[in-house]
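Task: produce atomic coordinates for the following.
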Amino acid sequence: TKPTPEEVRGWAQSFEKLMKSPAGRNVFREFLRTEYSEENMLFWLACEELKTECNKHTIDEKARMIYEDYISILSPKEVSLDSRVREVINRKMQEPSSHTFDDAQLQIYTLMHRDSYPRFLNSAIYKSLLHSLSRSSSES
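Purely as a prediction, here's the structure:
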């Protein structure tokens with residue numbers, strides 16, 4: 001479904017609105033891809049999905065996949081985390097839970113909010129979407 005012009009304008013009001021909107025996350029992810037930092041959104045989404053999991057076996061599997069995909073220094077999709085958060089994750093990986101990556105997820109969310117979000121609002125991707133939706137809504 002296409003977002004409304006109001007919804008797209010709302011994304012500029014707050015990062016939270018952008019991240020709560022499935023369409024917003026998709027457009028933001030497209031932008032992150034142009035900045036070679038799409039893994040931040042992919043990691044954040046993987047953590048959100050892990051939080052909904054209740055089955056211990058599935059939590060273990062998903063936590064290991066997230067670790068290998070985004071935390072491991074050998075991963076091509078490694079996200080940028082400080083050493084304190086990495087140590088916490090390494091400890092928690094002994095007994096993974098649906099909240100193993102909460103600190104890391106918050107750090108990546110904050111990074112996207114501070115770094116990428118302001119650039120996103122000034123990007124051609126965002127501006128052209130806003131322009132095309134505003135134009136089509138004024139024509140109807």
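
tally of neighbours for the nearest residue to His99 once chain neighbours are set aside?
What sits nearest to His99 in space, not counting adjacent residues and going by Cβ to Cβ, 6 or more residues apart in numbering, is Lys51, at 6.8 Å. For the C-beta atoms, the positions are set from N, CA and C on the backbone; glycine is no exception. Lys51 has 15 neighbours, counted by other Cβ atoms under 10 Å.

pLDDT of stretch 131-140, averaged?
For stretch 131-140, mean pLDDT rounds to 76.

now swap in stretch 4-20 and tell me
Mean pLDDT, computed over stretch 4-20, is 96.

helix, strand or coil for Ile89?
Reducing the assignment to helix, strand or coil with DSSP: H, G, I helix; E, B strand; the rest coil, the entry for Ile89 is helix.

give me the element Asn40 is part of.
In this structure, Asn40 is located in helix 38-51 according to DSSP states H and E.
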